[in-house]
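Visitor: My questions concern the predicted model and sequence given below.
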Amino acid sequence: IGKPLGRGKFGNVYMAREKASGVVVALKVIFKKQIEKHNVLSQLKDEIEIQTRLRHPGVLRMYGYFHDEKRVYLVLELAPGGELFKRLQSEKRFGEAQTGKWVTQLASALQCVHANKVIHRDIKPENLLLDGNSELKIADFGWSTVAKDKRQTFCGTLDYLAPEMLTHGVYDFRVDVWALGILMYECLVGSPPFEVPDSVEETHKAIQEGPITYPPELSMGISSSAKDLIKKLLAKKPEDRPSLEEVLAHPFLAPHVSEA
Ligand code: AMP
């Protein structure tokens, strides 16, 4: 076990090397006491089941797990580029080429996630890691769920919550398409579109009813093609949102699709 890579809610993540093969991985160490305390055992089991099953370049691989008396260890693909969230904090926002590349990689990874009947439900920059080539990986499946029919559990992060999760609470795969739109906006602008600082109520209202606006100083620099895709992804009614296939066929992403 080598240097710490980060601190999580339930334990820490370390760089590690498997002695026999020499393969370098990330080892996520979770304390069993914390799992008990927060009553998240079934969530953790789902996370392990889902992440070991999904195989896609845009989904962080989970190679396996083991445990001892006090801890559970998840053996994960190493993502040396760290969280997209931290990159966004240091660079403030990204250009259209970089954003297009990541949106393409995420849409393509979500196709695989959905094809496996999984809804991620918590797509946001904190849950996306970058590898050594800045390729994007969906990392955290802690909120994911195997879609049965329509879901009613309330989860996710405020700024990325889809309107249907706030109103009738019944939702499906299309909440991830909404979150892709929020992410694309946040990458280009530097903050999410419906954020009202210090007011949960006003943020909810903006998500449900608010128009998509751009800060005047940035608006001119964002292409009409990018704005068109964001508008489509952030359709208030889930039935008006494009499928991921349609997203990948959008002209804004065309330069990146063959690379993903
Ligand atoms: P988490 O418990 O998943 O929130 O992880 C805590 C921190 O560890 C994250 O913020 C990352 O910076 C880092 N981390 C988690 N997983 C990996 C990984 N597979 N590769 C590199 N860093 C990671």
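Guide: Arrived safely. These numbers come from a predicted model, not from an experiment.
Visitor: Least confident secondary structure element in this protein?
Guide: Lowest by mean pLDDT, DSSP states H and E among the helices and strands of the chain is strand 145-146, with a mean of 62.
Visitor: Do me a favour and average the pLDDT over stretch 174-185.
Guide: Per-residue pLDDT over stretch 174-185 has a mean of 97.
Visitor: oh, I was asking about stretch 54-71
Guide: On average, stretch 54-71 scores 96.
Visitor: End to end on it, go ahead and measure it.
Guide: This stretch, stretch 54-71, spans 24 Å end to end (CA to CA, to the nearest Å).
Visitor: Not counting the longest helix anywhere in the chain itself, show me its contacts.
Guide: Criterion DSSP state H: the longest helix present in the chain is helix 96-115. With contacts defined as CB atoms under 8 Å, 6 or more residues apart in numbering, helix 96-115 is touched by 54-59, 84, 94, 119-120, 123, 128, 135-138, 144, 173, 176-177, 180, 183-184, 187-188, 222-223, 226, 229, 244-245, 247-248, 252-253, 255-257, 259-260. Where you see a C-beta, it was placed from the backbone N, CA and C, and this is true even at glycine.
Visitor: Keep only those of the residues you listed that are in helices.
Guide: Using DSSP H, those in helices are 84, 176-177, 180, 183-184, 187-188, 226, 229, 244-245, 247-248, 255-257.
Visitor: For stretch 105-122, what is the distance to the chain centroid?
Guide: Centroid displacement of stretch 105-122 relative to its chain, using CA atoms, centre = their mean, to the nearest Å, is 10 Å.
Visitor: Report the buried residues of the longest helix of the chain.
Guide: Across helix 96-115, burial judged by 16 or more other CB atoms under 10 Å covers 96, 98-114.
Visitor: Same question for stretch 30-40.
Guide: Under the neighbour-count criterion of 16+ other CB under 10 Å, stretch 30-40 has Ile30, Lys32, Ile35, Val40 buried.
Visitor: Lys92 against Leu188, yeah?
Guide: No: using CB atoms under 8 Å, Lys92 makes no contact with Leu188, being 10.9 Å away.
Visitor: When these two are compared, which one has more neighbours?
Guide: Ranked by neighbour count (other CB atoms under 10 Å), Lys92 and Leu188 place Leu188 first, with 23 against 9.
Visitor: residues in contact with the more buried one?
Guide: Listed by CB under 8 Å, 6+ apart, the contact set of Leu188 reads Arg93, Phe94, Glu96, Thr99, Leu218, Ile222, Ala226, Ile230.
Visitor: wait, the first one sits on Gly190?
Guide: When you say that, I think you mean Arg93. Yes: in this structure, Arg93 is within contact of Gly190 by CB under 8 Å, at 3.8 Å.
Visitor: Pro41: what's its closest spatial neighbour, skipping adjacent residues?
Guide: Let me fix one detail, which is that residue 41 is Leu and not Pro. Ile35 (5.5 Å; CB to CB, 6 or more residues apart in numbering).
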